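In: fold the following and give me the result.
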Amino acid sequence: MHIIEVIPIARGIGKETLSYFAVENIPLGAIVEVPVRSRKLPALVIGKRNAHEIKSEIKSASFAVKKAGKMKFSDFFRPSFIEASQKAARYFASTTGSTLNAVIPKLVLEFAQTKKTKIHNKESTRALEKQVLQRSDDERYDIYKSLIREEFARKASVFIMVPSVEEARSLFDVLKKGIENYVYIFYGAQKPKEQLEQFNNAVSDSHPILIIATGAYLSLPRSDISTYIVEKESSRYYKQLSRPFVDWRVLAEYCAETSGKRLILADNLLRIETIWRTKEGQLIEHEPLSFKVFDSFPPILIDMKKYKETATPFRVLSDELIEIAKETVRKGGRLFLFGARRGLAPSVICGDCGATVSCHQCGTGMVLHQSKNKEERSFLCHHCGEKRPAEERCLTCSSWRLGSFGIGSELIEKEISEIVPNAEIFRLDKESAATDKQAEALCKKFYQTNGSILIGTEMALAHLSQPVDCAAIVSFDSFFSIPDFRIHEKIMSIILKIRKLSKESSLIQSRTTDEKVLEYGIRGNLLDFYRDEVKLRETYGYAPFKTLIKISIDGKKPYLLSELEKAHQLLDGQQFTVFPAFVKNVKGTHTTHILLKTDSRTWPED
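Out: Presented below is the predicted three-dimensional model:
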């Protein structure tokens, strides 16, 4: 009999490891089924001792050692992947079990139990290198094609990690030519039967393969992967928004480290911290970093302040954009219009007392929407989903003078339909397309329709796979008020995408034309943009100089005060700030946040 130490693959366990006794001789790295409270969970075996040698320890233990269930499978996950997950768990201040639960898809665990084919486990010989690649999309794709050919010649496989389903499909179409039989694509929205078949072929194929997948498939057990590429490295979709808040880029870097293979971080504009790490010598340039954007049609910046709202109705579209829209439709071309927010108006404010119309449930500002038949208007909370009729008085002073402010995608649609009534107009946001399939169908119809206009939010940018005749940013000034130190990176990324989309002309409308990021985006000057951003971050203590950790405490006020007192004692000597949540809780509870800043060079630390 043996005592085994396991890591339960589940959330909410609270302990890093648990102990059980097992009758059979279970190898390290095996997955067994173990009882935890009233559940039976899969668990990874990380330690084993002979029960006869530790009899006294077992007898003196304050708990009863339960029996482990049957072994599910062994020899599936690479030891380097398990080690990478353990390092990632520490980085995210979580347990390894919770992290494994987040980074291993259920379908992979199911496959591991039923696998009938031999896993291809031939090691590649490439040494660990951490590289960066900052080039335009087309340049990067050409480099990838050459790199894949070289690695295949060396009998090695390549893993390209992408942030979203759309990126996976787009890259698959670009890179599959000539190697169709050796390219495998994985993402969460695939049909289980199709995914299982693909997975079976990918792990057993004796030929080197190219894997294009989201981060959840870093667990794919092929030891011949020689290169991990993080494509669109600056994308925010790499960050998981629920516990344990995994950042797939961190896990990919640990996977490269623990397996001793090459890592390439790639984008048309890398994150500020990634460029800084390169300048500090922590990363190597795969190709010299490109800091200049070259295209024939840099955007035209339109200062919307020239339209005095006191003299004329609030202007959504400039004269220049109206002219572009009319001309594009007349020629049978295609026009894309970007809006930062959904709805008719992102903010509704009382004209008498200045109070904002907010959600009754969570306190978030309500957004004004118009029904599909355009006969009714309603308020919708984008945070919790509360919806109520727009015909209401101010809750503070009972005034009827509720004014709408800001520009939403529905308002852009309303304005442009009046200017070019003969155009086929499409709108792509979460209201008009709830699923990826609906979004793809809408984009396909847009591209197939001459003289068409597509209005979309950030969601649309991910689905636009082909260039359009003209593209314009109608409004994104609301981004400048978001309290996020990475917001300028986001704005620059949107500008670069709009430039890339346009075949003939592009345009940016703004009422904040003095913002330096707009100047850098229009000139395509990425180097000065980086220099300004990194200087600001050093001054105020943001990444890459500090690691920011947010600790949230939920509960009623007495509990909050008690926990805050404990936090002050635990964090004595650390640099931190305490502040209330921006969104209020339901049922009388409150949330308080603690923002802790630690030196990036020392994190993770006990």
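In: could you give the number of residues near the nearest residue to residue 526 once chain neighbours are set aside?
Out: Distance criterion Cβ to Cβ, 6 or more residues apart in numbering; nearest residue to residue 526, sequence neighbours excluded, is residue 291 at 4.3 Å. From N, CA and C alone the C-beta is placed, and that goes for glycine too. For residue 291, the count of nearby residues is 16 (other Cβ atoms under 10 Å).
In: isn't residue 291 up against residue 531?
Out: No. Contact criterion Cβ atoms under 8 Å: residue 291 and residue 531 do not qualify, at 9.9 Å.
In: could you pull out the strands for the stretch 101-250 of the chain?
Out: 129-134, 157-161, 183-186, 210-213, 225-230 (DSSP state E, counting those that start in this stretch).
In: can you redo these as a markdown table with mean neighbour count and mean pLDDT?
Out: Output for those, formatted as a markdown table (neighbours: other Cβ atoms under 10 Å; pLDDT from 0 to 100):
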| stretch | mean neighbour count | mean pLDDT |
| --- | --- | --- |
| strand 129-134 | 21 | 97 |
| strand 157-161 | 26 | 97 |
| strand 183-186 | 21 | 95 |
| strand 210-213 | 23 | 97 |
| strand 225-230 | 25 | 96 |
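In: what packs against the top strand by length along the chain?
Out: Taking DSSP state E as the criterion, the chain has its longest strand at strand 39-50. Where contact means 3 or more Cβ pairs under 8 Å, 6 or more residues apart in numbering; DSSP states H and E, strand 39-50 is packed against strand 2-8, strand 31-36, helix 96-103.
In: distance of the residue nearest to residue 526 relative to residue 321?
Out: Computed as Cβ to Cβ, to the nearest Å, the residue 291 to residue 321 distance reads 29 Å.
In: give me the distance between the closest residue to residue 542 other than its chain neighbours and residue 546.
Out: In this structure, residue 542 finds its nearest non-sequential neighbour in residue 485, 4.5 Å apart by Cβ to Cβ, 6+ apart. Distance, residue 485 to residue 546, using Cβ to Cβ: 10 Å.
In: report the spatially nearest residue to the residue most central in space within the chain, omitting neighbours in sequence.
Out: In the chain, the residue lying closest to the centroid (Cα atoms, centre = their mean) is residue 237, at 1.0 Å. In space, and not counting its chain neighbours, residue 237 is closest to residue 163: 3.8 Å by Cβ to Cβ, 6+ apart.
In: ok, residue 127 next?
Out: residue 260 (6.5 Å).
In: distance-wise, check that neighbour relative to residue 86.
Out: Taken as Cβ to Cβ, the span from residue 260 to residue 86 is 16 Å.
In: and what of residue 547?
Out: 19 Å.
In: so who does the residue nearest to residue 542 touch?
Out: Applying Cβ atoms under 8 Å, 6 or more residues apart in numbering to residue 485 gives the contacts 537, 540, 542-543.
In: only C-alpha atoms, please: export the longest helix seen in the chain in CSV.
Out: The helix that spans the most residues within the chain, counting by DSSP state H, is helix 137-153. Extracted C-alpha coordinates of helix 137-153, given in CSV (Å, rounded to 0.1, in the frame of the first residue of the first chain):
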residue,chain,number,x,y,z
ASP,A,137,0.9,41.3,-40.2
ASP,A,138,2.0,40.4,-43.8
GLU,A,139,5.7,40.5,-42.8
ARG,A,140,5.1,38.3,-39.8
TYR,A,141,3.1,35.8,-41.8
ASP,A,142,6.0,35.5,-44.3
ILE,A,143,8.4,34.9,-41.5
TYR,A,144,6.2,32.3,-40.0
LYS,A,145,6.0,30.4,-43.3
SER,A,146,9.8,30.3,-43.5
LEU,A,147,10.2,29.4,-39.9
ILE,A,148,7.7,26.5,-40.2
ARG,A,149,9.6,25.1,-43.2
GLU,A,150,12.9,25.2,-41.3
GLU,A,151,11.5,23.5,-38.2
PHE,A,152,9.7,20.8,-40.3
ALA,A,153,13.1,20.1,-42.0
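In: show me which residues of that helix are buried.
Out: 137, 140, 143-144, 147-148, 151-152 (16 or more other Cβ atoms under 10 Å).
In: what's the burial count for residue 497?
Out: Quick note: residue 497 (other Cβ under 10 Å) scores 19 neighbours.
In: now swap in residue 345 and tell me
Out: Here the number of neighbours of residue 345 (other Cβ under 10 Å) works out to 21.
In: repeat that for residue 98.
Out: So residue 98, with other Cβ under 10 Å, has 23 neighbours.
In: OK, contacts around it?
Out: Residue 98 touches 10-13, 89, 243-244, counting by Cβ under 8 Å, 6+ apart.
In: what's the most distant pair in those residues?
Out: 12 and 89 (14.3 Å; Cβ to Cβ).
In: below-threshold pLDDT in this protein: ranges please.
Out: By pLDDT under 70, the low-scoring segments of the chain are 51-63, 115-125, 296, 309-313, 362, 372-375, 404, 583-587.
In: not counting sequence-adjacent ones, nearest residue to residue 20?
Out: In space, residue 20 is closest to residue 68, 3.9 Å off (Cβ to Cβ, 6+ apart).
In: you'd agree the one you found is up against residue 21?
Out: Yes. Assessed by Cβ under 8 Å, residue 68 is found in contact with residue 21 at 7.0 Å.
In: count the neighbours of the closest residue to residue 33 other than its chain neighbours for me.
Out: Leaving aside its chain neighbours, residue 33 sits nearest to residue 69 (3.5 Å; criterion: Cβ to Cβ, 6+ apart). Using other Cβ under 10 Å, residue 69 is surrounded by 16 other residues.
In: now do the contacts for residue 69.
Out: 32-35, 40.
In: from residue 514, how far off is residue 496?
Out: 20 Å.
In: let me fix that, I meant to ask about residue 388.
Out: According to Cβ to Cβ, residue 388 and residue 514 sit 38 Å apart.
In: of these two, who's got more company?
Out: Taking other Cβ under 10 Å, residue 388 and residue 514 do not tie; residue 388 has more neighbours (14 against 8).
In: the more buried one belongs to a strand?
Out: Yes. With DSSP: H, G, I helix; E, B strand; the rest coil as the criterion, residue 388 is part of a strand.
In: which of the three states applies to the closest residue to it other than its chain neighbours?
Out: Nearest residue to residue 388, sequence neighbours excluded (Cβ to Cβ, 6+ apart): residue 379, at 5.4 Å. Assigned by three-state DSSP, the conformation of residue 379 is strand.
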